[in-house]
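K.L.:
just the structure for this:
(2 chains)
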2 protein chains.
Amino acid sequence: MAVTVVGSVAFDSLETPFGKRERVLGGAATHFSIAASFFTDVNLVGVVGEDFGDDQVAVLTDRGVNVDDLERVPGSCSFHWSGRYEDDMTVAHTLDTQLNVFAEFDPQLSENARSASVLFLANILPELQQRVREQCRDAFCAGLDSMNYWIGSAREALVAAIRGVDVVTLNDAEVRMLTQEPNLARAARKLRELGPRVVLVKQGPYGACMFTDSSFFSIPAYPLETVLDPTGAGDAFAGGFFGFLDSTNDRDLSDNTLRCASVYGSVLASYIVEDFGSGRLLELTHDEISSRFDDFKEMMSFDSPALRARQVV
Amino acid sequence: MAVTVVGSVAFDSLETPFGKRERVLGGAATHFSIAASFFTDVNLVGVVGEDFGDDQVAVLTDRGVNVDDLERVPGSCSFHWSGRYEDDMTVAHTLDTQLNVFAEFDPQLSENARSASVLFLANILPELQQRVREQCRDAFCAGLDSMNYWIGSAREALVAAIRGVDVVTLNDAEVRMLTQEPNLARAARKLRELGPRVVLVKQGPYGACMFTDSSFFSIPAYPLETVLDPTGAGDAFAGGFFGFLDSTNDRDLSDNTLRCASVYGSVLASYIVEDFGSGRLLELTHDEISSRFDDFKEMMSFDSPALRARQVV
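P.N.:
Reported below is the predicted structural model:
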């Protein structure tokens, strides 16, 4: 069993109320891979430039991530994103985006990457998502992320890509924008009618919720008093979700498996925001993951009261 | 056992994407009382004008609400609020506010209202909240709601009122505004340091969360496909919460009692928004309350996986 992820591997320059960092290792596929590596084997499909050194590669391989499908283009630079967060830490303001090698990205997956049991199409050009999905047909579960930019500029290709996957992960504004439906429950139903069995709605500081065939599940955000850098929270969430899902090999995608996967996703998301980049995940232990998993269970539990509502009238 | 609530009893003129209604029976104390009446006896302390007829009084007394402390001022008009909601149904735009009798409101509680076991100070002038609290000293639990207007214009009096209660219910923007702290967990801690043991944070379409001495609890909003009118959701939430709490007579405010109370609050809030004003609550049955309570439990439950995270690295 293994997860294949395709997406950006990048340098991020970040500004938050807690500090500034230049050229931190970032990108959706990076954060996803590191998070998923706690649960299963990971193949990373991506592209970097000559500025991506052995130290950066070692961060991934030290976590056991297979980088055979990470292409390094000589004489070019890696994708570089610069962003800033204000006090409320919920909205990323993009200061600069340099696509560099990413502009010409057209992944041809190795046999190993094609044979993965789970596939995650991180936020890239929807047509590339479709092409990668076609190369990786055996996955028992395929997931897809996207963003407002593609909803606005490539809606048709995005809808086509969504038709080919089992799980969509978007934030709630994106779900509403894509379906043109302000009510989230209706919007999720519309999205599921396109094909995906599972709609995972990321809700930033409010956590996440999940619409499936048979149920609705909601999970809070972990109540952290200090969030250093929210970058990558959604990618770590997806890494925890799909990594755990792959480790179960539950090909029916049963509801409880999906629920546990979303809790593990929330655990990984809650840790990654405690430091810049993937810094916190690189020190994370399995005991810490288990401990926060139990915290989530406790935060959501209650015993029904001995007496039900008194019938006054 | 009984809950005493002090707050507005009003006529609301409402505009939502689903329609318009003129002079619907409204006001925080009205919605609170009707919601709480499913759990315990309720004393409503408020003031209305001559335009408040026997039909309106009957809506309350039919639910068993004690209106002995509802003063009717001859020759005057009741409080009247006009508001509009846009497509996303989250923000109320006030079109007009006519305080009328409410401007001179200075409640003197009857012996019966003073002897309540639970007190709820709905959103009114903070100095009035303090004065009512002083008249009702025996309650084992006192709660308070407020709004951005009072945080801006009467912060000191509001903080003094908050020092006198056990439970504060505010929405998350108000919690942040009052404490001048953008991080919700820190903001709730600051608020609890003023005195209240429980901070209940209303989060609109995201549900609610609760900070107590010993724990954090989060509860989603019920995933309704149709919300006709969000007015009164917070008041119905408080009515369910404090009504249930009173019915348990749990003077220790144990964590599970508070959790169940917040679930009942969410149940009542989820019903009131299904129709204009309190219309839906007036048809509500105890079976429907129990059924949605169970739905909430189901929406928040998961069994830990048989195998924990595989230790890959």
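K.L.:
and stretch A:175-190, which residues are buried?
P.N.:
A:175-179, A:181-189 (16 or more other CB atoms under 10 Å in any protein chain shown). Where you see a C-beta, it was placed from the backbone N, CA and C, and this is true even at glycine.
K.L.:
need the contact partners of that stretch.
P.N.:
With contact meaning CB atoms under 8 Å, 6 or more residues apart in numbering or on different chains, stretch A:175-190 is reached by A:148, A:151-152, A:155, A:158-159, A:170, A:172, A:191, A:199, A:201, A:209, A:211, A:216, B:87-89, B:205, B:223-227.
K.L.:
does stretch A:201-220 reach chain B?
P.N.:
Yes: Stretch A:201-220 lies within reach of chain B by CB under 8 Å from any CB of the partner chain, at A:203, A:205, A:206, A:207, A:209, A:211, A:215, A:216, A:217, A:218, A:220.
K.L.:
got the contact list for the fourth one?
P.N.:
Spelled out, that is residue A:207. Counting by CB under 8 Å, 6+ apart, residue A:207 touches A:218, A:219, A:220, A:221, A:266, B:206, B:218.
K.L.:
sec struct for the fifth one, please.
P.N.:
In this case it means residue A:266. helix (DSSP: H, G, I helix; E, B strand; the rest coil).
K.L.:
local confidence estimate at the nearest residue to it once chain neighbours are set aside?
P.N.:
The shortest distance from residue A:266 to any non-neighbouring residue, by CB to CB, 6 or more residues apart in numbering or on different chains, is to residue A:219 (5.2 Å). What the model reports for residue A:219 is a pLDDT of 96.
K.L.:
tell me how many other residues surround residue A:219.
P.N.:
27 (other CB atoms under 10 Å in any protein chain shown).
K.L.:
can you check residue A:108 too?
P.N.:
12.
K.L.:
low-scoring pLDDT stretches of the stretch 201-313 of chain A, where are they?
P.N.:
Residue ranges of the stretch 201-313 of chain A with pLDDT under 70: A:306-313.
K.L.:
now the helices for it?
P.N.:
All helices of the stretch 201-313 of chain A, identified by DSSP state H, counting those that start in this stretch, fall at A:233-248, A:255-272, A:279-282, A:286-299.
K.L.:
Serialize those to TSV and add fields for distance to residue B:12.
P.N.:
Below are the helices of the stretch 201-313 of chain A laid out as TSV (distance: least, CB to CB, whole Å):
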stretch	distance to residue B:12
helix A:233-248	39
helix A:255-272	38
helix A:279-282	48
helix A:286-299	35
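K.L.:
so which residues on the stretch 101-250 of chain A come close to chain B?
P.N.:
Residues of the stretch 101-250 of chain A lying close to chain B by CB under 8 Å from any CB are A:182-186, A:189, A:203, A:205-207, A:209, A:211, A:215-218, A:220, A:223-227, A:244, A:247-248.
K.L.:
buried subset of those?
P.N.:
Using 16+ other CB under 10 Å as the burial test, these include A:182-186, A:189, A:203, A:205-207, A:209, A:211, A:216-218, A:220, A:223-224, A:227, A:244, A:247-248 as buried.
K.L.:
what sits against residue A:133?
P.N.:
A:119, A:121, A:142, A:161, A:164, A:165.
K.L.:
do that again at 10 Å, thanks
P.N.:
A:6, A:119, A:121, A:139, A:142, A:144, A:160, A:161, A:163, A:164, A:165 (CB atoms under 10 Å, 6 or more residues apart in numbering or on different chains).
K.L.:
who wins on neighbours among the residues you listed?
P.N.:
Counting neighbours by other CB under 10 Å, residue A:119 comes out on top of these with 33 neighbours.
K.L.:
so that residue sits right up against residue A:4, yeah?
P.N.:
Yes: the pair residue A:119 / residue A:4 is scored as a contact, 5.2 Å apart, by CB atoms under 10 Å.
K.L.:
shared neighbours of those two, anything?
P.N.:
Contacts common to residue A:119 and residue A:4, judged by CB under 10 Å, 6+ apart, are A:43, A:45, A:109, A:113, A:132, A:135, A:136, A:139, A:142, A:242, A:246.
K.L.:
could I get the average pLDDT for the helix or strand where the fourth one lies?
P.N.:
In this structure, residue A:113 is located in helix A:111-114 according to DSSP states H and E. If you average the pLDDT over helix A:111-114, you get 98.
K.L.:
how close does residue A:127 get to chain B?
P.N.:
31 Å (CB to the nearest CB, to the nearest Å).
K.L.:
did I read that right, that residue in a strand?
P.N.:
No: using three-state DSSP, the secondary structure at residue A:127 is helix, not a strand.
K.L.:
so what does the residue lying closest to it once chain neighbours are set aside look like in phi/psi?
P.N.:
Excluding its sequence neighbours, the residue lying closest to residue A:127 (CB to CB, 6+ apart) is residue A:157, at 5.0 Å. Dihedral angles of residue A:157 (phi, psi; degrees, to the nearest 10) stand at phi -70, psi -40.
K.L.:
number of nearby residues for residue A:157?
P.N.:
Using other CB under 10 Å, residue A:157 has 16 neighbouring residues.
K.L.:
isn't it right up against residue A:150?
P.N.:
Yes: using CB under 10 Å, residue A:157 is in contact with residue A:150, at 7.8 Å.
K.L.:
anything in contact with each of those two?
P.N.:
Common contact partners of residue A:157 and residue A:150 (CB under 10 Å, 6+ apart): A:125, A:126, A:127, A:129.
K.L.:
most surrounded residue in those residues?
P.N.:
Ranking the shared contacts of residue A:157 and residue A:150 using other CB under 10 Å puts residue A:129 first, with 28 neighbours.
K.L.:
go ahead and confirm residue A:148 touches residue A:173.
P.N.:
Yes: between residue A:148 and residue A:173 there is a contact under CB under 10 Å: 7.0 Å.
K.L.:
of all the contacts of residue A:207, which comes closest to residue B:233?
P.N.:
Nearest to residue B:233, judged by CB to CB, of the contacts of residue A:207 is residue B:206 at 12.2 Å.
K.L.:
before we move on, back to that, now, the residues of stretch A:201-220 next to chain B that are in strands?
P.N.:
A:209, A:211, A:216, A:217, A:218 (DSSP state E).
K.L.:
which one is the third one nearest to, not counting chain neighbours?
P.N.:
Leaving out its chain neighbours, the residue that sits closest to residue A:216 by CB to CB, 6+ apart is residue B:223, at 4.8 Å.
K.L.:
good, we can wrap up now.
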